[in-house]
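1. Provide a 3D model corresponding to the input given below.
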Amino acid sequence: MKIVGVGAGPDLLTQEAISAIENATVIFGSRRAIELAKEHTKCEVHEITDYSLNSLPQNAVVLATGDPMLSGLGKFAKKGDGIIPGISSLQLACSRLRLDVESLSVITAHSRDIEQVKNRLIMELRNGKNIFLLPDSSFGVHEIAGLLKSRSIFRKLSICERLAYPDERISTGTTEEPPAAESNLYCIVITNA
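-> Got it, this is the predicted structure:
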């Protein structure tokens, strides 16, 4: 099985990903991942919503949005499975905001224990790190701003929405006046004010 990153938005497929998709005999992926790769698909394609990859055939190419190793399907890979990286929202956000990736701690709140996420977020900020955060529907920018204010931590908050799409939007505010997300496809970058 190959898990192939198709990028965070349109036109971000690497040559290696294109080759794997064009040579696939069967492809599985989310609706969004399939849409991002459709120009290169030449075989049977199946939309999946259950990501237990164990039931998929060994010759499958599984499409992952962004990069499979950033809160993605790569964590489900078995020994012997191939993983082809993709251009992630982390890379795009850093490019758009002109941040060095090394300055960031990466945190995923999506489908995680939110109390653990909060504790790690506070710890990393107190250690002087900037944060790249993939939010959860229950822990977005307003919840983060409220948490930081309650701990007297004041930072700049940037929302990077629909990166690489024609309606890409980046909005920056502060802990006191956080930006508002206009879609559910966004990441948050927290930096020193």
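2. got any ranges where the protein has weak pLDDT?
-> Residue ranges of the chain with pLDDT under 70: 193.
3. contacts for the longest helix seen in it?
-> Secondary structure of the chain per DSSP state H: the longest helix is helix 114-126. Residues outside helix 114-126 that contact it (C-beta atoms under 8 Å, 6 or more residues apart in numbering): 105, 107-109, 131, 133, 136, 138-139, 144, 147-148, 151, 153, 155, 190. (C-beta placed from N, C-alpha, C; glycine too.)
4. what does stretch 185-193 rub up against?
-> The contact list for stretch 185-193 (C-beta under 8 Å, 6+ apart) reads 89-90, 93, 97, 99, 104, 121, 125, 130-135, 140-141, 144, 148, 154-163, 174-175.
5. hmm, which of those residues are the buried ones?
-> Using 16 or more other C-beta atoms under 10 Å as the burial test, the contacts of stretch 185-193 include 89-90, 93, 97, 99, 104, 121, 125, 130-135, 140-141, 144, 148, 155-163, 175 as buried.
6. and the helices in this protein, which stretches?
-> In the chain, the segments counted as helices under DSSP H are 15-22, 31-37, 89-97, 114-126, 141-150.
7. please identify the buried residues of the first one?
-> By neighbour count with 16+ other C-beta under 10 Å, helix 15-22 contains the buried residues 17-18, 20-21.
8. in CSV, list those along with distance to Leu73.
-> As requested, the buried residues of helix 15-22 are exported to CSV (distance: C-beta to C-beta, whole Å):
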residue, distance to Leu73
Ala17, 13
Ile18, 18
Ala20, 14
Ile21, 15
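9. check the residues you listed and tell me the two furthest apart.
-> Pairwise distances across these (C-beta to C-beta) peak at 7.4 Å, for the pair Ile18 and Ala20.
10. hang on, the earlier thing: in strands only, show me the contacts of stretch 185-193.
-> Among the contacts of stretch 185-193, the members falling in strands (DSSP state E) are 104, 130-134, 155-161, 174.
11. re earlier: for the contacts of helix 114-126, which one is nearest Ala33?
-> Nearest to Ala33 out of the contacts of helix 114-126 is Thr108 (C-beta to C-beta; 17.7 Å).
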